[in-house]
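A.B. asks: Fold the following.
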Amino acid sequence: MGFHLRPEFWGQGYATESAKAVIEYAFTTVKVQKLFAGHNPNNGRSRKVLNKLGVAYIGDEFYEPTGLYHPLYELRRGQ
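C.D. replies: Next up is the predicted model:
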């Protein structure tokens with residue numbers, strides 16, 4: 001799960017609202033058991049959105065395209 005918005009749309013709730021819809025669809029229609037998410041470690045706004053969604057931090061993983069360790073999150077059905 002991820003989201004990319006142009007700066008003029010930041011802070012308006014679009015990322016949170018769209019992520020909630022994806023989560024609902026994934027758990028109720030597709031019947032997945034868990035979802036994974038991550039963000040660039042320098043993007044505090046994305047971390048804030050994921051925290052609002054109730055995802056659990058599960059560790060960091062090296063992401064070669066950025067050369068950085070990115071935080072990873074998980075959301076399980078019923079969590």
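A.B. asks: and the longest helix for this protein?
C.D. replies: helix 14-25 (DSSP state H).
A.B. asks: Could I get the contacting residues of the residue nearest the centre of the chain?
C.D. replies: Nearest to the mean C-alpha position of the chain, by Cα atoms, centre = their mean, lies A37 at 4.0 Å. Applying Cβ atoms under 8 Å, 6 or more residues apart in numbering, we find A37 in contact with 1-2, 50, 53, 55, 72-75. Placement of C-beta: from N, CA and C, glycine included.
A.B. asks: Mind putting those residues into CSV with pLDDT?
C.D. replies: Formatted as CSV, the contacts of A37 follow (pLDDT from 0 to 100):
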residue, pLDDT
M1, 66
G2, 71
L50, 93
L53, 93
V55, 94
L72, 95
Y73, 95
E74, 96
L75, 96
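A.B. asks: Buried ones among the residues you listed?
C.D. replies: Listed as buried from these are 1, 50, 53, 55, 72-73, 75; burial here means 16 or more other Cβ atoms under 10 Å.
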